[in-house]
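Enquirer: sequence first, then the predicted structure, then my questions.
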Amino acid sequence: MIDTLEKLLRAMAAHGATKFYAKKLSPNDNSKNQVYLGGDYSALNILPFGRVETDSDSKAGSKRDRAKAWLSFYWLDENGTHEAPEAKLILYPKYPEVRLSGFLKRSKRAPSAIMRRRDDGRTLFLGTTPDGRVLAHSVMPGSALRNELDALGSPPQEGVFIELSIDARAVGDTRGQLLAALRAIHAKSWIASQRMGPGGLAVPYVAANGGGYTLEAELGISPNGYAEPDYLGWEVKQYAVNDFVANIAQNPVTLLTPEPTGGIYRDEGVEVFIRRFGYADQRGRADRLNFGGIYKVGAPVNINTGVRLHLLGFDDEKKVITDMTQGIALLSGDGTPAAIWNFSGILEHWNRKHAKTVYIPSIKRGPPMEYAYGDLVELCVGTDFDMFLQALAAGAIYYDPGLKLEDINSARPRAKRRSQFRIRHTDLSKLYHRMEETRLTL
């Protein structure tokens, strides 16, 4: 029997969970009304999700104003885990809010007797795994698990979720642990350029872009293919500066590098796109076309490419999505869609790795390349997809491509793809609910 928080969280950990949460359910949190997960998109930073698709339920008319984000969801009990194949997040951008739905359908051992009820005091416990699964367990009011949760007092919360740790007490001070690790790295002064190699061993790195790799190696961070933060739940990003006094970032922050999901770029290919909207290389390099420049929502048409950036299906006054089938678009002067990034695709990219981020300044010297890391770091906490779109609509986030087509007159022209959305370092505060500058040394 799972009758203590420690038993529950250890059972979840045995099935791969590394993060643990609880939500105290209201009477309206049930299978009929769905489970409310907050009045913004912050739940998407907590629960790993898969494909996102626009709802097209014809019985209810047009539902282009909402979307589904599918979950790999499993109920957990003393007998193991049991899949809930219809579990998903429903996104209502006009409010905005996120709800959990479909968690009982086609799940043979789901706790229907609990999740169909309207009793106040029910509790939903969740564990998430690095490979994108969500483990769930629910209890009735007055249960030993709920009583133990209430006895914790005021544990940390993220949105509607109470954060828990494996020992059933409040989450440890990951902020303090992170700062302690960064303080030790700062104290080392110059560090030889390196990156984490196979088997978790650092190896020398000779290229000039080793600032991030070196910091990750010092923190013991190994590259992985999962959408997981780097260190103790924090995404770690370094940025180059000329000196630690001015601490001015040399380059903007690259947020996303998604390929278009529509328009000529997707439908006819990148070569056709560049031939139609590109321009001759401005440094005089022969047999080459480029597609570059800075594209901001509301800016005029780019004179070199003939396109401008639009945010379609978004109400700029109310700051909400009005049509989930639309998205970010590069349109020509006559309205031809040159490239489109659908909201659903961008939403899949803007995931939990952005929930908590620390930015660390670095300087370099060499060869041989060495890096030092400053003591003034920025801790950024709390973001959601709405904040991303609002920053895009305001022009703070911009499209900064680096596309080129070489050997254009040959039988086999070579295309290079680089689509990226960026933001100036000084505008990062537009993306986070809380941003704090902290010195590692006092």
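Expert: Yep, that arrived.

Enquirer: poorly predicted segments of the stretch 1-150 of the chain, please.
Expert: For the stretch 1-150 of the chain, applying pLDDT under 70 flags the ranges 55-65.

Enquirer: now the helices: where do they sit in it?
Expert: Secondary structure of the stretch 1-150 of the chain by DSSP state H, counting those that start in this stretch: the helices cover 5-14, 112-115, 144-150.

Enquirer: got the ones you listed as TSV, with distance to residue 54 and mean neighbour count columns?
Expert: Using the backbone N, CA and C atoms, a C-beta is placed for each residue, glycine as well. Compiled in TSV, these are given as follows (distance: least, CB to CB, whole Å; neighbours: other CB atoms under 10 Å):
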stretch	distance to residue 54	mean neighbour count
helix 5-14	32	18
helix 112-115	26	16
helix 144-150	37	16
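
Enquirer: in CSV: the ones you listed, plus distance to residue 232.
Expert: Listed next are the helices of the stretch 1-150 of the chain as CSV, based on distance: least, CB to CB, whole Å:
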stretch, distance to residue 232
helix 5-14, 16
helix 112-115, 32
helix 144-150, 23
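
Enquirer: among these, which comes closest to residue 442?
Expert: In terms of CB to CB, the element of the helices of the stretch 1-150 of the chain nearest to residue 442 is helix 5-14, at 35.2 Å.

Enquirer: for that closest one, packing partners?
Expert: Counting contacts by 3 or more CB pairs under 8 Å, 6 or more residues apart in numbering; DSSP states H and E, helix 5-14 is packed against strand 123-128, strand 133-139, helix 144-150.

Enquirer: wait, which of those is closest to residue 192?
Expert: With CB to CB as the criterion, residue 192 lies closest to strand 123-128 of the helices and strands packed on helix 5-14, at 36.0 Å.

Enquirer: quick one: closest of the helices and strands packed on helix 5-14 to residue 239.
Expert: Residue 239 lies closest to strand 123-128 among the helices and strands packed on helix 5-14, at 28.6 Å (CB to CB).

Enquirer: what angle do that closest one and helix 5-14 make?
Expert: 30 degrees (axes from the mean of the first three to the mean of the last three CA atoms, to 10 degrees).

Enquirer: which residues does residue 140 contact?
Expert: 114, 119, 121, 122, 146 (CB atoms under 8 Å, 6 or more residues apart in numbering).

Enquirer: give me the domain ranges for this protein.
Expert: 5-164, 175-442 (automatic domain parsing).

Enquirer: verify the stated contact: residue 213 with residue 192.
Expert: No. Between residue 213 and residue 192 there is no contact under CB atoms under 8 Å: 11.4 Å.

Enquirer: neighbour count winner among those two?
Expert: Comparing residue 213 with residue 192 by other CB atoms under 10 Å, the one with more neighbours is residue 213, at 21 against 15.

Enquirer: now do the longest strand seen in the chain: everything it contacts.
Expert: Longest strand in the chain by number of residues, with DSSP state E as the criterion: strand 356-365. The contact list for strand 356-365, computed with CB under 8 Å, 6+ apart, reads 178, 182, 190, 193, 208, 210-211, 215, 229, 233-244, 247, 249, 370-374, 376-382, 425, 428, 432.

Enquirer: which one of the contacts of residue 140 is nearest residue 38?
Expert: Nearest to residue 38 among the contacts of residue 140 is residue 122, at 17.8 Å by CB to CB.

Enquirer: can you tell me the closest non-neighbouring residue to the closest one?
Expert: Nearest residue to residue 122, sequence neighbours excluded (CB to CB, 6 or more residues apart in numbering): residue 25, at 4.2 Å.
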